[in-house]
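Asker: Compute the structure for the input listed below.
(chains A, B, C, D and E)
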Amino acid sequence: MCGRYALSIEQQEMLEIYVANLFLDDWRSRYNIAPTQEAPVLVQKDGELGIRPFRWGLVPFWAKDPSIGNRMINARSETVAEKPSFRTAWKHGRRCLVLADAFYEWQKPASGKGPKTPHAIRLADERPFGLAGLWESWDGEGGELRTFTILTSEPNELLRPIHNRMPVILGDRDAWEAWVDPDVPPGELEELLGPYRPEEMQAYPVSTYVNNPGNEGEECLRRVPD
DNA sequence: CCAGACGTTGTT
DNA sequence: GTCTGG
DNA sequence: CCAGACGTTGTT
DNA sequence: GTCTGG
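Answerer: Residues are numbered from 1 along each chain as shown, chains lettered A, B, ... in the order given. Predicted structure coming up:
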């Protein structure tokens, strides 16, 4: 699955890849983005790309209480078209690209007991990438709450020893451009929803510093010995 | 009919 | 909003 | 995902 | 053990 990720690169480098209007108050390197936090996502509206803050944890439009979003941080790509919480966003093309340059997965010890080891997973060339996301807008007392979830798939060969799920990575321009285009019918996108090419990725262990969502330093992303 | 859930991962 | 369970 | 709370009454 | 919050 994907329960934590990073977006550490500079704004300028991001905008060179994702040419878009910025609707953020500020840009800062994020090393430990956790569920319920706001994070930048790429969305297309009226043919224009925009980077906007959305809250991680999709709140369905029919929810009475937005805390339901705390559980909706991932959607299985295999079932996203059917699940009540996600299918409306899927059907209506409310797709977004969750901007990232690393994500974290926790590996259980071989013995089955003891602390898990967090790993950082990135592209081999360390370029940023997008994760396949769906978004919703929820009408609350405080106005519109915009939220997102991250789609998952089975793991590739790199991730399999670490975890049994991984987020859907849209690393190719053709892929993410189609994903964020609301006019592309969802049926044409299912081929994108598989595990990414493992030979273009790297994974390495990091410190348990990343475990606490309050720890937001670059230490989160630093390699430690096995 | 109404009430209550609506999710994923991992563990057993 | 829609489905499942009672 | 992990960390941290998990309760009530009464008082400020 | 399980739920909530970040």
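
Asker: Would you mind naming what in chain A lies close to DNA strand B?
Answerer: A:1, A:60, A:62-64, A:68, A:71-72, A:74-76, A:79-80, A:83-86, A:108, A:112, A:152, A:163-165 (CB under 7 Å from any atom of the strand). No exception for glycine: its C-beta is placed from N, CA and C like everyone else's.

Asker: can you narrow those residues to ones near DNA strand D?
Answerer: A:Met1.

Asker: among the residues of chain A next to DNA strand B, which are in helices?
Answerer: Judged by DSSP state H, helices contain none of the residues of chain A next to DNA strand B.

Asker: Which parts of chain A are strands?
Answerer: A:5-7, A:21-22, A:30-33, A:38-45, A:48-56, A:74-76, A:95-100, A:102-107, A:117-123, A:129-140, A:143-153, A:166-167, A:169-170, A:201-205 (DSSP state E).

Asker: Could you dump those strands into JSON lines with mean pLDDT and mean neighbour count added?
Answerer: Shown next, in JSON lines, are the strands of chain A (pLDDT from 0 to 100; neighbours: other CB atoms under 10 Å):
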{"stretch": "strand A:5-7", "mean pLDDT": "98", "mean neighbour count": "22"}
{"stretch": "strand A:21-22", "mean pLDDT": "98", "mean neighbour count": "13"}
{"stretch": "strand A:30-33", "mean pLDDT": "98", "mean neighbour count": "23"}
{"stretch": "strand A:38-45", "mean pLDDT": "98", "mean neighbour count": "20"}
{"stretch": "strand A:48-56", "mean pLDDT": "98", "mean neighbour count": "18"}
{"stretch": "strand A:74-76", "mean pLDDT": "98", "mean neighbour count": "20"}
{"stretch": "strand A:95-100", "mean pLDDT": "98", "mean neighbour count": "27"}
{"stretch": "strand A:102-107", "mean pLDDT": "98", "mean neighbour count": "22"}
{"stretch": "strand A:117-123", "mean pLDDT": "98", "mean neighbour count": "21"}
{"stretch": "strand A:129-140", "mean pLDDT": "97", "mean neighbour count": "21"}
{"stretch": "strand A:143-153", "mean pLDDT": "97", "mean neighbour count": "21"}
{"stretch": "strand A:166-167", "mean pLDDT": "98", "mean neighbour count": "26"}
{"stretch": "strand A:169-170", "mean pLDDT": "98", "mean neighbour count": "26"}
{"stretch": "strand A:201-205", "mean pLDDT": "98", "mean neighbour count": "17"}
